[in-house]
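# Whatever this is, show me its structure:
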Amino acid sequence: MGAIELKAVEKWFGDVQVIKGVDLSIQDGEFVIFVGPSGCGKSTLLRMIAGLEETSRGQVMIDGRDATAEPPSKRGLAMVFQSYALYPHMSVAENMGFSLKTAGASKAEQAEKVAEAARALRLEDYMDRRPKDLSGGQRQRVAIGRSIVRDPTAFLFDEPLSNLDASLRVEMRYEIAKLHQQLASTMVYVTHDQVEAMTLADRIVVLSAGIIEQVGAPKTLYERPDNLFVAQFIGSPKMNVIALPCDGLRLEGAPANAAHLGIRPEAITIGSKGQGEIDGTVDVAEYLGADIFLIVDCGAAGKLTVRTHGEDELRPGAEVGLSFTPEKRHFFDGAGLAIR
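Next comes the predicted model:
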């Protein structure tokens, strides 16, 4: 079992409160990802679960027991850090089995669990190598394997892929997703990378300034954000937001209390000037192969990002009209809360 529950947890550093009464339930076997801007408290919250940071107030429950005062070694959790922290003088097999050795496990048990982890992570061909002879992705797999052999209650990942280049991050995302499917273990993961969050998570926890802004499945957060912060944080490129009322905006059907209109780049279609909700001039065209992102200067509404097909031929300076898909419009009140 690997259920984790946070009950009104707070973290203070002197007079500064960085975690402000967070409540969160993580189910056994769930993959939950913490995201948010730098300084929002996501890594601090993960370290509080691990026991590496003291919980100032509230409770950390693991499998129904109060683990708030327990040291990290008693919580049954395994943490994978941004740095691999492998022993350079040890082989891959020795690195992976070291925690079992120090715990007094027999050589047979060590060999069995290390071999099982190696198969899961496709490391069988590297067991005799030293860390210096491995790629970054292979080192990260060894670090994960070192955690697997301990058969933990849950895995905690603190930005494990941030040191890897783009191609290796893609590879390791696949490895971690497959690992979660194989092990069916609880995983709590911190990242600043939205692609990691959207592709890996069962649920995403969006944090800002020590509070939870919204918790939900990636699709829910993308399509039904609770507030302006989540609307603009989730999604790349981010949601376009127009303050209401706005000169030049031909908008019908807006709620009376709407202070902002949000529209995703892919929910805007390009037409002739005078058509749709607003006119603008193409400022920049970013060609990405299958897609083109157009930055359109719409005067008082600001610069809106439009996602179009890669075969479109619009050039900077072209005058266009933008139409917003009616069912994809998002409205927010003066406090930034979604109007349903």
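
# switch to C-alpha atoms for all contacts and neighbour counts from now on
OK.

# Does Val142 lie in a helix or a strand, and which?
According to DSSP states H and E, Val142 maps onto helix 136-148.

# Give me the distance from that helix to the chain's centre.
20 Å (CA atoms, centre = their mean, to the nearest Å).

# which element follows it toward the C-terminus?
Heading C-terminal from helix 136-148 (DSSP H and E), you reach strand 154-158.

# I would like the residues contacting that following strand, please.
For strand 154-158, the external contacting residues (CA atoms under 8 Å, 6 or more residues apart in numbering) are 2, 43, 46, 50, 76-82, 147, 185-191.

# quick one: which of the residues you listed sit in helices?
43, 46, 50, 147 (DSSP state H).

# any idea which helix is longest in the chain?
helix 166-183.

# quick one: average pLDDT of it?
The average pLDDT within helix 166-183 is 85.

# cool, stretch 332-340 as well?
Mean predicted lDDT for stretch 332-340 stands at 96.

# again, but for stretch 262-269
On average, stretch 262-269 scores 97.

# Which positions in that stretch come out as buried?
Of the residues in stretch 262-269, 262-269 count as buried by neighbour count, 16 or more other CA atoms under 10 Å.

# Residues contacting it, please?
231, 237-242, 304-308, 322-325, 328-332.

# rewinding a little: strands - which of the contacts of strand 154-158 land there?
77-80, 186-190 (DSSP state E).

# and which of those residues is nearest Ile19?
Val190 (15.2 Å; CA to CA).

# residue contacts, the closest one?
So Val190 contacts 33-35, 42-43, 46, 157-159 (CA under 8 Å, 6+ apart).

# Name the nearest residue to the residue nearest the centre of the chain, ignoring sequence neighbours.
The residue lying closest to the centre of the chain (CA atoms, centre = their mean) is Ala197, at 2.9 Å. Excluding the flanking residues, the one nearest Ala197 by CA to CA, 6 or more residues apart in numbering is Ile33, at 6.1 Å.

# List the pairing partners of the strand or helix carrying the one you found within its sheet, with orientation.
If you go by DSSP H and E, Ile33 is part of strand 31-35. Using DSSP bridges, the strands paired with strand 31-35 are strand 186-190 (parallel), strand 203-208 (parallel).

# Show me how far it is from its chain's centre.
6 Å.

# mind giving me the domain split of the chain?
Domain ranges of the chain: 4-228, 237-332, per automatic domain parsing.

# So which of those is nearest Arg340?
Of all the domains of the chain, domain 237-332 comes closest under CA to CA, at 7.9 Å.

# and the residue nearest to the centre of the chain, which of the three is it?
Put simply, Ala197 is helix when judged by DSSP: H, G, I helix; E, B strand; the rest coil.

# how far away is it from Ser43?
15 Å (CA to CA, to the nearest Å).

# Now the buried members of the contacts of stretch 262-269.
Of these, these count as buried by 16+ other CA under 10 Å: 231, 238-242, 304-308, 322-324, 330-332.

# Show me those that map onto strands.
Short answer: these in strands (DSSP E) are 240-242, 304-308, 322-324, 330-332.

# and which of those residues is nearest to Arg57?
Phe332 (33.5 Å).

# Could you give the bridge partners of the closest one?
His260, Ala338.

# Adding distance to Arg340, write the domains of the chain out as a markdown table.
Output for the domains of the chain, formatted as a markdown table (distance: least, CA to CA, whole Å):
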| stretch | distance to Arg340 |
| --- | --- |
| domain 4-228 | 9 |
| domain 237-332 | 8 |
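
# Would you single out the least confident of the ones you listed?
Ranked by mean pLDDT, the domains of the chain bottom out at domain 4-228, which scores a mean of 91.

# Off-centre distance for stretch 98-113?
34 Å.

# Also stretch 249-267?
27 Å.

# Please save the CA atoms from that stretch in PDB.
Provided in PDB are the C-alpha atoms of stretch 249-267 (Å, rounded to 0.1, in the frame of the first residue of the first chain):
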ATOM      1  CA  LEU A 249     -13.500  43.000 -29.700                       C
ATOM      2  CA  ARG A 250     -16.700  41.800 -31.300                       C
ATOM      3  CA  LEU A 251     -17.800  39.500 -28.500                       C
ATOM      4  CA  GLU A 252     -21.300  38.000 -28.000                       C
ATOM      5  CA  GLY A 253     -22.600  35.900 -25.200                       C
ATOM      6  CA  ALA A 254     -20.100  36.900 -22.500                       C
ATOM      7  CA  PRO A 255     -21.400  36.600 -18.900                       C
ATOM      8  CA  ALA A 256     -22.300  39.900 -17.300                       C
ATOM      9  CA  ASN A 257     -19.600  39.500 -14.600                       C
ATOM     10  CA  ALA A 258     -16.800  38.500 -16.900                       C
ATOM     11  CA  ALA A 259     -13.600  40.500 -16.500                       C
ATOM     12  CA  HIS A 260     -11.400  38.300 -18.700                       C
ATOM     13  CA  LEU A 261     -11.800  36.100 -21.700                       C
ATOM     14  CA  GLY A 262      -9.400  33.200 -22.200                       C
ATOM     15  CA  ILE A 263      -8.900  31.300 -25.400                       C
ATOM     16  CA  ARG A 264      -6.400  28.600 -26.300                       C
ATOM     17  CA  PRO A 265      -4.200  29.100 -29.400                       C
ATOM     18  CA  GLU A 266      -5.700  26.100 -31.100                       C
ATOM     19  CA  ALA A 267      -9.200  27.400 -30.500                       C
END
